[in-house]
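what would the 3D arrangement of this be:
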Amino acid sequence: MVFKDSNYTKIIAVLGVIYSFLFLTGCLEEGGANLNQREAGSSSGGVQVGAGLLALKEDGSGLLAKSGSDLYYADIHLGNVRRVEETKNPQSIAFGNRNGVLYISSNLNQKDDVPRDQSSRSLQHPSFSDELKAFWLDGNRTLWRKKIKVQMNLFGSKLEHYPKLFPTKDDRYLILGNYKSVEVLDSYTGRAIKTFYLKRPLVDMTLDQNGSDILVVTDEEWTTGSNSAPYSKLIKFDWKNDMRTEIDIPNCASKLQVSKDRSTIFMSPTRCRKDPVSIIDLRNFRFVRNLPGFGPVALDSLGERAIAFMDMHNLDESLFIKGDSIPIMDGKRYRLMVIDVHSHRFDTYALGDNIPRYALTPDGNVVLIDHSKGDHEAVRILDFHQRRISNVSGPAIKLENFVITEDSRFVYLLDRGLYELYVPGRRVDSVSLGFVPYSINITPHTQNLILGEKGNSRIRVWDPVRRKTLQVFDIPKGSSMREGLVAH
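Now for the predicted structure:
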């Protein structure tokens, strides 16, 4: 579909609003790893800034909220709110690990020309003449600015945002994942040290522990012929030694899930004609095998298990190898797959006819299972110690916007109100607040909830043990400006 440039901006803006609504309500998530869990710190590639999403510092000392086209910082320790100066229409942010610096990409001046990349199966959204800056939160001032392109690309129904922001663990460098390039910046000055160019659009990216190796997966291509099949490029950049290594993965591109010990990568799309669970040996940088399941995969915090699911109506038996057990058809379409990260052996558990969605508790012992489509149903729990799936009593809810406490005992979620899931007791209860929350996060250590209040710009720090509000932050009404597509 081709749009005239004069109408393109309006169409993309409308699509953006629809996409943002669907994302916040969970309507775009069909199955696999539940991506609706909120926690402190920057997610991989940065946090998309928008209404309904509160970005919380990793130590829980402050949070960021967008109002209009402005960005505000609420200091939980000091109890005040201040505007992040000279920041307009922020698109994504990433917190430095220890240096108190906030990295912000902003949409500034939308261009009229609309580039389209004919080599990609996706529609490339408008590019912008934009800005990346490093902002020192404690000093409340900008350290440096850099002109960049903020871009968005629609892969199937998943919207990817560029640049992806990756501060290294030592805060010495900032790695940018752009639409078709990767840049290494000096985090003190913003100066580009190294740039790697890509032939295909970047789908996902991650760093090794010290930031010297950059792993990138690019958009898939398809072989020709009657048995056309996808393959993606997985690329490793050893940027300090100027080395580049590529391998082909016989699968569509998707998010890279890396095991805790950095030995294994799982790649598992869900919206591709052929989308098994791919296993990559990271230490030897080689493809190992495809498993007969679907993702996205969820990894436990202990680095022992990966969770996927199996569709008995769409089972590729050619992917089973000696030692694998092919499940027996028992009338239930979907099964949960529990994969051993090291041996790659797997067990399955029968579920039902709805595509499952799952999240692991921090202790790695429990899988929370629901689904995103259709009517509300009781959440189910797979307990690895008991090796069985049990239902949760109480109101039927969906895990669309939730947090899990560090001790794995409680899940707090928003579903037309606040609910508390007591994991050991397998029970859900409604929590009375006196206001309607629209967003949620949780502070580390103190385990207080951060709740955005529906109908105004008020944010509350709420103690779930004492059932009381500890702090209230009123975010000022921000200024408005002509905005492009804002991710929520």
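
residue boundaries of the strands in the stretch 301-450 of the chain?
Using DSSP state E, counting those that start in this stretch, the strands found in the stretch 301-450 of the chain span residues 305-311, 334-340, 346-352, 357-360, 366-370, 380-383, 388-391, 402-404, 410-414, 418-422, 427-431, 437-442, 449-453.

and the angle for the last one with strand 437-442?
Computed by axes from the mean of the first three to the mean of the last three C-alpha atoms, to 10 degrees, the angle separating strand 449-453 from strand 437-442 equals 160 degrees.

what residues does strand 449-453 touch?
By C-beta atoms under 8 Å, 6 or more residues apart in numbering, the residues outside strand 449-453 that reach it are 52, 54, 56, 63, 65, 403, 412, 418, 433, 435-443, 458-464. For every residue, glycine as well, the C-beta is placed using N, CA and C.

picking that back up, got JSON lines for the strands of the stretch 301-450 of the chain, with mean neighbour count and distance to Gly46 too?
Putting those into JSON lines (neighbours: other C-beta atoms under 10 Å; distance: least, C-beta to C-beta, whole Å) gives the following:
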{"stretch": "strand 305-311", "mean neighbour count": "24", "distance to Gly46": "24"}
{"stretch": "strand 334-340", "mean neighbour count": "20", "distance to Gly46": "28"}
{"stretch": "strand 346-352", "mean neighbour count": "18", "distance to Gly46": "33"}
{"stretch": "strand 357-360", "mean neighbour count": "24", "distance to Gly46": "21"}
{"stretch": "strand 366-370", "mean neighbour count": "24", "distance to Gly46": "26"}
{"stretch": "strand 380-383", "mean neighbour count": "20", "distance to Gly46": "32"}
{"stretch": "strand 388-391", "mean neighbour count": "12", "distance to Gly46": "35"}
{"stretch": "strand 402-404", "mean neighbour count": "23", "distance to Gly46": "20"}
{"stretch": "strand 410-414", "mean neighbour count": "24", "distance to Gly46": "23"}
{"stretch": "strand 418-422", "mean neighbour count": "19", "distance to Gly46": "27"}
{"stretch": "strand 427-431", "mean neighbour count": "15", "distance to Gly46": "31"}
{"stretch": "strand 437-442", "mean neighbour count": "20", "distance to Gly46": "16"}
{"stretch": "strand 449-453", "mean neighbour count": "23", "distance to Gly46": "19"}
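
quick one: which of those strands is nearest Leu154?
When the strands of the stretch 301-450 of the chain are ranked by distance to Leu154, counting by C-beta to C-beta, first place goes to strand 357-360 at 21.8 Å.

walk me through which strands that closest one pairs with, and which way each runs.
Using DSSP bridges, strand 357-360 pairs in its sheet with strand 32-33 (parallel), strand 366-370 (antiparallel).

what is the subsequent helix or strand relative to the shortest one?
The one in question is strand 32-33. Note on strand 32-33: by DSSP states H and E, the next helix or strand toward the C-terminus is strand 47-48.

avg pLDDT for that following strand?
Per-residue pLDDT values across strand 47-48 average out to 84.

what helices or strands is that strand leaning on?
When contacts are defined as 3 or more C-beta pairs under 8 Å, 6 or more residues apart in numbering; DSSP states H and E, strand 47-48 packs onto strand 90-95.

which strands border the next helix or strand after the strand it packs on, and is each parallel or antiparallel?
Using DSSP H and E, the helix or strand that follows strand 90-95 towards the C-terminus is strand 101-110. The strands beside strand 101-110 in its sheet (DSSP bridges) come out as strand 90-95 (antiparallel), strand 128-136 (antiparallel).

so where's this protein shaky on pLDDT?
Along the chain, the model assigns pLDDT under 70 to residues 1-29, 50-53, 109-129, 155-158, 374-376, 478-488.

just the helices in it please.
Listed in chain order, the helices of the chain (DSSP state H) span residues 5-25.

okay, the strands paired with strand 357-360 in a markdown table with distance to Phe384 next?
Output for these, formatted as a markdown table (distance: least, C-beta to C-beta, whole Å):
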| stretch | distance to Phe384 |
| --- | --- |
| strand 32-33 | 17 |
| strand 366-370 | 7 |
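
of all those, which one comes closest to Arg271?
Shortest distance between Arg271 and those, using C-beta to C-beta, is found for strand 32-33: 10.1 Å.
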